[in-house]
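> Everything below, folded, please.
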Amino acid sequence: MKIFVSDTYENMSKKAAEEIIQMTESLEQPVICAASGDSPAGLYKEIVGRVKRKDLDVSNWLFVGLDEWAGMNGNDEGSCRYHLNHQLFQPLQVHDDKISFFDGRADDLQLECERIETFIRERGGIDVAILGLGTNGHVGMNEPGISRHKYSHVADLAETTKKAGQKYFKTQQMLTQGVTLGMASLIEARHIILVVSGKHKAEIVSKIIEDEISEQLPGTLLRNHPSYKIFLDEGAAEKMFQS
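Residues are numbered from 1 along each chain as shown. The predicted structure follows:
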């Protein structure tokens, strides 16, 4: 585990983007797991900017979505796919055949989970998993108590996740479940990039770095990964190592 603290969100995003570019530059067809949310948005903006300036070519990248709200897909404003479409896929002009994303509106969500895992397996695994962190320590929609051995699954959402998720929608939503890559799916990735910003995440950041590794704090389960890098801005880092 390596921790990088930047003085601003913009510098944190730039540093994380540079790391991802370095990790993928020698790969023929890298598989990128993309999380939605506020923290990774800046690094996506950085990657898009470099592509538009012709400083970077990502035409060989493949993408797999980290998670999605049950009952939603890219047609629903506020969904995970909706945000990534606007932040990443559309600006980069990524064709649909290079994206594998959970369809939360599918009739059989378990089959969706199997489809995603097959996509990952047939392409040799995830090369870089880009992740954020929930205030309860969740990663993706892997809530406290989730088994570290679980692959893609339908998740019951914690109350904190239901409340936090409302900010992505213009009207109140009934958020009860999600579909997500499991901790086992993520731990098997070759590289893990965790990006966390803001003072409101400072307490949980200190816990996932310093507390005992436990399934009650899913973020701690990544700690022993051989290529795990955490990128923080000053706000998110302010409570680390205070004891």
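
> So which residues of the chain form strands?
Secondary structure of the chain, counting by DSSP state E: strands at 2-6, 31-34, 62-65, 67-69, 99-100, 128-131, 153-156, 177-180, 191-196, 228-233.

> mind giving me a markdown table with these and columns for mean neighbour count, mean pLDDT and distance to residue 107?
All C-beta atoms are positioned from the backbone trio N, CA, C, and that covers glycine. Below are the strands of the chain laid out as a markdown table (neighbours: other C-beta atoms under 10 Å; pLDDT from 0 to 100; distance: least, C-beta to C-beta, whole Å):
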| stretch | mean neighbour count | mean pLDDT | distance to residue 107 |
| --- | --- | --- | --- |
| strand 2-6 | 15 | 97 | 43 |
| strand 31-34 | 24 | 98 | 25 |
| strand 62-65 | 21 | 98 | 19 |
| strand 67-69 | 27 | 97 | 15 |
| strand 99-100 | 20 | 98 | 18 |
| strand 128-131 | 26 | 98 | 28 |
| strand 153-156 | 18 | 98 | 13 |
| strand 177-180 | 25 | 98 | 13 |
| strand 191-196 | 25 | 98 | 32 |
| strand 228-233 | 24 | 98 | 36 |
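
> Export the ones you listed as a markdown table, with columns for distance to residue 21.
Shown next, in a markdown table, are those (distance: least, C-beta to C-beta, whole Å):
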| stretch | distance to residue 21 |
| --- | --- |
| strand 2-6 | 15 |
| strand 31-34 | 11 |
| strand 62-65 | 15 |
| strand 67-69 | 24 |
| strand 99-100 | 19 |
| strand 128-131 | 10 |
| strand 153-156 | 31 |
| strand 177-180 | 26 |
| strand 191-196 | 11 |
| strand 228-233 | 13 |
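
> Count the neighbours of residue 93 for me.
Residues contacting residue 93 under the criterion other C-beta atoms under 10 Å number 9.

> same deal with residue 235?
When neighbours are counted by other C-beta under 10 Å, residue 235 comes out with 18.

> quick one: it and residue 203 touch, right?
No. Between residue 235 and residue 203 there is no contact under C-beta atoms under 8 Å: 11.3 Å.

> Quick one: residues in contact with the helix or strand bottoming out on mean pLDDT in the chain.
Of all helical and strand segments in the chain, the minimum by mean pLDDT, DSSP states H and E falls on helix 159-165, at a mean of 92. Helix 159-165 has contacts (C-beta atoms under 8 Å, 6 or more residues apart in numbering) with 69, 134-136, 138, 141, 143, 157, 173, 175-176, 178.

> Can you mark which positions in that helix are buried?
161, 164-165 (16 or more other C-beta atoms under 10 Å).

> need these in CSV with distance to residue 125, can you?
Listed next are the buried residues of helix 159-165 as CSV, based on distance: C-beta to C-beta, whole Å:
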residue, distance to residue 125
161, 27
164, 30
165, 29
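
> any idea how far residue 101 lies from residue 112?
Distance of residue 101 to residue 112, given as C-beta to C-beta, to the nearest Å: 9 Å.

> can you check residue 66 too?
The value you get for residue 66 to residue 112, if C-beta to C-beta is used, is 13 Å.

> I am finished for the moment; much appreciated.
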